[in-house]
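Trainee: Got a predicted model here, sequence first, then my questions.
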Amino acid sequence: MPVARRVLPRLGPVLAVLALMVCAMFASAPAPAHAAGAGLDSVAEALKKSPVYVDPRARDQLSEADAEDLAKKIEDAGKPVFVAVLPKAAEFPPGTLMRDLRTQVGITGVYAVHLGDGFNANADSSVMSRNAVGNLTGAVKRSHSGDPEGLLTAFVDQATQQSKGQAPATWSGAEDDQGSGGAAVLFTVGAVAAAGAGGYALYRRSKKKRERAELDALRVVVDEDITAFGEELDRLDFHPSEPGADDAMRQDYTHALDTYDKAKELMAVAAKPQDVQPVTAALEEGRFALAGLAARRAGTPVPERRVPCFFDPRHGPSAIDAMWAPPGGMPRNVPVCEADADLLAAAQEPMARQVRTAHGSEPYWNAGPAYAPWAGGYFGGTGSMLGGLLVGTMLGSVLNAPSALADTAPVDSAPDGGEFTGADFNPGDFGGGFEGSGFEGGGDFGGGDW
């Protein structure tokens with residue numbers, strides 16, 4: 001809000017004085033447990049009351065404003081996702097940290113821990129499969145190396161979509177009435193100080209800057225797709241009044257032109273990465289209209305409505321499904337155009353759609369979650385189909401497809417509120433240390449470290 005941004009700097013000194021006054025008035029109030037950084041007991045107690053805990057010694061990894069935003073995201077989703085940001089310290093032994101934390105919190109859920117400069121996550125299998133957690137962990141680490149806030153945000157965005165169960169009732173604040181005076185003071189002081197410093201405004205600017213960078217990368221790819229579609233329209237060289245043209249042909253052509261214009265208009269006003277999905281959805285619809293027009297002009301059957309070619313959506317609608325496996329992955333049926341089907345039949349690898357990444361040009365399925373909106377528009381969203389096609393790839397590991405990534409059949413949600421009972425906790429879900437080999441059962445793209 002522009003007005004708020006102009007007022008905040010002027011109020012900064014006043015708010016800072018108010019914060020000092022509040023501190024002086026309540027100097028004798030007991031400090032909350034999570035402010036002391038006293039060990040795993042304090043972490044567990046804090047996570048019972050809020051989904052995000054940041055040790056005071058790890059504030060350089062995640063600011064208070066970022067932590068509050070992350071906690072709100074989890075609470076709004078209503079899922080049992082727990083996040084702890086901790087320093088490397090003797091009281092947090094990496095070999096047993098995850099299992100001990102889960103035991104002490106005592107609530108079924110997904111647990112993510114940023115320890116020093118490392119990151120790992122595990123979950124109760126009734127909430128999220130080991131394979132899904134492992135794939136997600138590896139993907140966000142590769143996509144957000146050196147960016148704890150971006151890493152944790154990406155993890156939470158996907159974990160809250162893929163996990164089962166419900167947020168624990170202890171997050172409702174019902175227990176805050178007992179011994180919460182110190183916590184209330186800290187919250188008040190923190191809120192005043194954050195407002196005075198304009199911390200939240202800085203956070204929003206940082207987030208928008210990251211989104212702009214992702215959108216800029218997507219814009220290059222989408223502009224290439226729009227240009228290719230326009231060139232295909234020109235090559236078709238259809239004239240509504242040409243001999244043999246009928247109403248069905250003219251309708252296909254008009255629809256293709258409309259979707260071409262729609263894609264350009266949507267891309268021109270795109271403000272965030274998610275705005276790209278309707279653009280590529282329009283291009284997919286337009287290419288199918290062109291395929292129908294070409295078939296009618298040639299006197300051949302109009303093709304059935306199918307998703308685009310898996311290897312490059314610019315090839316147009318797929319013709320058949322063919323077996324393919326990513327390097328080191330399991331074979332699966334993917335929709336392909338006739339030319340790519342011939343290449344696969346000849347044991348040749350089709351040319352994949354290349355996109356720009358920080359590590360150079362890569363096939364879109366190895367480019368990370370930033371390209372999910374682009375792929376989602378072509379393949380029908382980030383649901384089970386797209387996730388199933390891409391399972392075992394970097395992009396597939398972060399799409400909302402828990403059934404595709406699961407190593408067991410889907411199970412019912414955790415008990416009411418995700419509350420823990422002795423029967424719920426399977427220590428095997430949190431087995432394995434984090435030194436050397438990473439966590440046990442991490443899946444194809446498990447990436448836990450420390």
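Mentor: All right, it came through fine.
Trainee: Let's see stretch 213-222 as PDB, backbone CA atoms only.
Mentor: The C-alpha atoms that make up stretch 213-222 are tabulated as PDB, following Å, rounded to 0.1, in the frame of the first residue of the first chain:
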ATOM      1  CA  ALA A 213      13.300 -13.000 -11.900                       C
ATOM      2  CA  GLU A 214      11.300 -16.200 -12.300                       C
ATOM      3  CA  LEU A 215       8.800 -14.500 -14.500                       C
ATOM      4  CA  ASP A 216      11.600 -13.000 -16.700                       C
ATOM      5  CA  ALA A 217      13.000 -16.500 -17.300                       C
ATOM      6  CA  LEU A 218       9.500 -17.900 -18.100                       C
ATOM      7  CA  ARG A 219       8.800 -14.900 -20.400                       C
ATOM      8  CA  VAL A 220      11.700 -16.000 -22.700                       C
ATOM      9  CA  VAL A 221      10.300 -19.500 -23.100                       C
ATOM     10  CA  VAL A 222       6.700 -18.300 -23.500                       C
END
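Trainee: In contact with Gln348, which residues?
Mentor: The contact partners of Gln348, taken as C-beta atoms under 8 Å, 6 or more residues apart in numbering, number zero. Using the backbone N, CA and C atoms, a C-beta is placed for each residue, glycine as well.
Trainee: That one belongs to a strand, doesn't it?
Mentor: No. Assigned with DSSP: H, G, I helix; E, B strand; the rest coil, Gln348 falls outside any strand and is coil.
Trainee: ok, so what distance separates it from Leu266?
Mentor: 36 Å (C-beta to C-beta, to the nearest Å).
Trainee: Then Ala90?
Mentor: Here the criterion is C-beta to C-beta. By it, Ala90 lies 54 Å from Leu266.
Trainee: same thing with Asp100?
Mentor: For Asp100 relative to Leu266 (C-beta to C-beta), the value is 49 Å.
Trainee: What of Lys272?
Mentor: If you go by C-beta to C-beta, the gap between Lys272 and Leu266 works out to 12 Å.
Trainee: ok, now Pro317?
Mentor: The gap separating Pro317 from Leu266 is 21 Å, by C-beta to C-beta.
Trainee: Quick check: buried residues in the helix or strand containing Ala339?
Mentor: Taking DSSP states H and E as the criterion, Ala339 maps to helix 338-345. Buried positions in helix 338-345, judged by neighbour count with 16 or more other C-beta atoms under 10 Å: Asp340, Ala341, Leu343, Leu344.
Trainee: who does the longest helix seen in the chain touch, helix- and strand-wise?
Mentor: The longest helix of the chain (DSSP state H) is helix 199-236. For helix 199-236, the packing partners by 3 or more C-beta pairs under 8 Å, 6 or more residues apart in numbering; DSSP states H and E come out as helix 64-77, helix 247-268, helix 277-298, strand 354-357, helix 372-379.
Trainee: Now tabulate those in JSON lines and tack on mean neighbour count.
Mentor: Shown next, in JSON lines, are those (neighbours: other C-beta atoms under 10 Å):
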{"stretch": "helix 64-77", "mean neighbour count": "19"}
{"stretch": "helix 247-268", "mean neighbour count": "17"}
{"stretch": "helix 277-298", "mean neighbour count": "21"}
{"stretch": "strand 354-357", "mean neighbour count": "18"}
{"stretch": "helix 372-379", "mean neighbour count": "25"}
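Trainee: Let me have the ones you listed in CSV, extended by mean pLDDT.
Mentor: Listed next are these as CSV, based on pLDDT from 0 to 100:
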stretch, mean pLDDT
helix 64-77, 92
helix 247-268, 96
helix 277-298, 95
strand 354-357, 86
helix 372-379, 88
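Trainee: Need the ones you listed in a markdown table (columns: distance to Phe238).
Mentor: Formatted as a markdown table, the helices and strands packed on helix 199-236 follow (distance: least, C-beta to C-beta, whole Å):
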| stretch | distance to Phe238 |
| --- | --- |
| helix 64-77 | 48 |
| helix 247-268 | 5 |
| helix 277-298 | 6 |
| strand 354-357 | 30 |
| helix 372-379 | 24 |
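Trainee: Out of these, which gets nearest to Arg305?
Mentor: Proximity to Arg305 (C-beta to C-beta) singles out helix 277-298 among those, at 6.1 Å.
Trainee: helices and strands around the closest one, which ones?
Mentor: Helices and strands touching helix 277-298, by 3+ C-beta pairs under 8 Å, 6+ apart, are helix 199-236, helix 247-268, helix 372-379.
Trainee: now the ones you listed in a markdown table, with distance to Met323?
Mentor: Shown next, in a markdown table, are those (distance: least, C-beta to C-beta, whole Å):
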| stretch | distance to Met323 |
| --- | --- |
| helix 199-236 | 26 |
| helix 247-268 | 31 |
| helix 372-379 | 18 |
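Trainee: how does the chain divide up, domain by domain?
Mentor: Domains of the chain are assigned by automatic domain parsing as 2-171+183-205+421-430, 307-412.
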